[in-house]
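**Student:** Following is a predicted model, sequence given first.
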Amino acid sequence: MKFCERLKELRKASPYTQKTIADELGISVTAYQYYESGKNQPSIENLIKLCDMFNVTLDYLTGRVD
């Protein structure tokens, strides 16, 4: 599974909205939507924040492991 698909799946299974995640990352909602659509990739700092928010490993979030 690709990063963008995994990210969207995790968000939908969580209580977070795109806006709350974007606010937590310090980015715009559009920038976050680009992550979910695969148009852009987050910085390593934001990848780590996303892992912490969803309580998953970096390997899981990036699709390296199931």
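**Tutor:** Perfect, thanks for sending it. None of the values given here were measured: they were computed from a predicted structure. Residues are numbered from 1 along each chain as shown.

**Student:** How many neighbouring residues does the nearest residue to T57 once chain neighbours are set aside have?
**Tutor:** Using Cβ to Cβ, 6 or more residues apart in numbering and skipping residues adjacent in sequence, the residue nearest T57 is C51, 6.5 Å away. Where C-beta positions appear, they are placed from N, C-alpha and C, glycine not excepted. By the measure other Cβ atoms under 10 Å, the count of residues near C51 is 17.

**Student:** so E24, which of the three states?
**Tutor:** helix (DSSP: H, G, I helix; E, B strand; the rest coil).

**Student:** wait, isn't the residue nearest to T57 in contact with L61?
**Tutor:** Yes. With contact taken as Cβ atoms under 8 Å, C51 and L61 are classed as touching, separated by 5.5 Å.

**Student:** returning to that earlier point: the residue nearest to T57 sits in which helix or strand?
**Tutor:** helix 44-54 (DSSP states H and E).

**Student:** Flag every buried residue along that helix.
**Tutor:** 46-47, 49-51, 53-54 (16 or more other Cβ atoms under 10 Å).
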